[in-house]
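Undergrad: when you get a sec, could you give me coordinates for this:
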Amino acid sequence: MELSKEQSERYSRQLILNEIGTEGQKNLMNASVLIIGAGGLGSPVALYLAAAGVGTIGIADADRVDLSNLQRQIIHSSYDLGKEKVLSAKETMENLNPDICVNTYNIRITSDNINQIITNYDFIIDATDNFDTKFLINDACVLCRKPFVHAGIMGFSGQVMTYIPDNETPCYRCIFRNPPSDGSVPKGRRLGVIGAVAGTIGSIQAMEAIKYISGSGELLTGSLLTYDSLKMDFRKIKLPHKSDDCPVCGFASKHKVRPQK
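TA: Purely as a prediction, here's the structure:
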């Protein structure tokens, strides 16, 4: 497959990078990435992956656009109020780059459907805002041997880590083990966040996907990147190797066949 004249112009600023080049761009155009969540994190992820020319992008979300979303969910606009988020996101992405294919899943991700959906994608992005789904994504990706990038945001801070199968990379459950108890962490509308933090962390998630697909740079495997926007402080925390007693990726997980909740 050769790049067309229009594609060469569209991606010209990437093509001149030694780490991307023509082969890296072809890899991006042939790749498929699933974004779970079309909100604060999913918005910048979807926009930057679409702009970079990732050929197939799936986006899963069961919600509709609400006025309170627009402060941080920049893929949607006031004209999209009441619309399914996945359709709003698809329209924006295709307007940005008509070359890409956007698959939409207007469903809530559960243990009954996640394996079937993620199997069709090369890389998974956790852009969700609740712990139960984050653990579900982790468990399914580990069991289905899918690389993924996790992120979380709250207030003025955020964190990112990447999991790659077939090495000593710790998974999300190795580090955090179980979701926090009810009431210990704010949820939903009680969870405040500055929109620019979502933009920063979501952009890092998009970059992790681009690096994985193009084979360039170092991924956040075995590390947790934390961000404090009030202090403008990034910290890269070295994580231990995967835990042997992790119920998903450790020795005790050999006979597990379904993601845990």
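Undergrad: how about Asp80, nearest residue that isn't a chain neighbour?
TA: Distances taken as CB to CB, 6 or more residues apart in numbering place Ser88 nearest to Asp80, at 4.1 Å, with adjacent residues excluded. For every residue, glycine as well, the C-beta is placed using N, CA and C.
Undergrad: ok, that neighbour to Phe148 distance?
TA: 24 Å (CB to CB, to the nearest Å).
Undergrad: between these two, who's got more neighbours?
TA: Neighbours were counted for Ser88 and for Phe148 using other CB atoms under 10 Å; Phe148 has more, 30 against 26.
Undergrad: and that one, what's its pLDDT?
TA: Per-residue confidence (pLDDT) for Phe148: 98.
Undergrad: so what's it up against?
TA: By CB atoms under 8 Å, 6 or more residues apart in numbering, the contact set of Phe148 is 123-126, 137-138, 141, 162-163.
Undergrad: widest-spaced pair of the residues you listed?
TA: Phe123 and Asn138 (14.2 Å; CB to CB).
Undergrad: can you get me the start-to-end distance on stretch 137-152?
TA: Chord length of stretch 137-152, first to last residue, is 13 Å (CA to CA, to the nearest Å).
Undergrad: helices or strands up against the lowest-mean-pLDDT helix or strand in the chain?
TA: None of the helices or strands of the chain scores lower by mean pLDDT, DSSP states H and E than helix 172-176, at a mean of 90. Using 3 or more CB pairs under 8 Å, 6 or more residues apart in numbering; DSSP states H and E, the elements in contact with helix 172-176 are helix 131-143, strand 157-163.
Undergrad: can you list contacts of it?
TA: With contacts defined as CB under 8 Å, 6+ apart, helix 172-176 is touched by 134-135, 138-139, 142, 150, 161, 163, 224, 239-240, 242-243, 246-250, 260.
Undergrad: only whichever of the residues you listed are buried, select them in PyMOL.
TA: If you want just the buried ones from the contacts of helix 172-176 in PyMOL, going by 16 or more other CB atoms under 10 Å, the selection is:
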select buried, resi 134+135+138+139+142+150+161+163+224+239+242+243+246+248+249+250+260
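Undergrad: any idea how far the residue nearest to the spatial centre of the chain lies from Leu34?
TA: Against the mean C-alpha coordinate of the chain, by CA atoms, centre = their mean, the closest residue is Ile125 at 2.2 Å. In this view, Ile125 and Leu34 are 7 Å apart by CB to CB.
Undergrad: who touches both of the two?
TA: With CB under 8 Å, 6+ apart, Ile125 and Leu34 have no common neighbours.
Undergrad: what about the stretch 101-250 of the chain, any weak spots by pLDDT?
TA: For the stretch 101-250 of the chain, the stretches with pLDDT under 70 are 181-190.
Undergrad: what about the helices in the stretch 101-250 of the chain?
TA: Secondary structure of the stretch 101-250 of the chain by DSSP state H, counting those that start in this stretch: the helices cover 114-118, 131-143, 172-176, 195-214.
Undergrad: mind putting these in TSV, distance to Leu28 included?
TA: Compiled in TSV, the helices of the stretch 101-250 of the chain are given as follows (distance: least, CB to CB, whole Å):
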stretch	distance to Leu28
helix 114-118	19
helix 131-143	21
helix 172-176	26
helix 195-214	6
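Undergrad: just give the number of residues close to the closest residue to Phe131 other than its chain neighbours.
TA: Excluding its sequence neighbours, the residue lying closest to Phe131 (CB to CB, 6+ apart) is Pro179, at 4.0 Å. Taking other CB under 10 Å as the criterion, the count of residues near Pro179 is 17.
Undergrad: strands of the stretch 1-150 of the chain, start to end?
TA: 32-36, 56-60, 101-105, 123-126, 148-154 (DSSP state E, counting those that start in this stretch).
Undergrad: how much does the longest one deviate in direction from helix 195-214?
TA: So that's strand 148-154. Relative orientation of strand 148-154 and helix 195-214, computed by axes from the mean of the first three to the mean of the last three CA atoms, to 10 degrees: 170 degrees.
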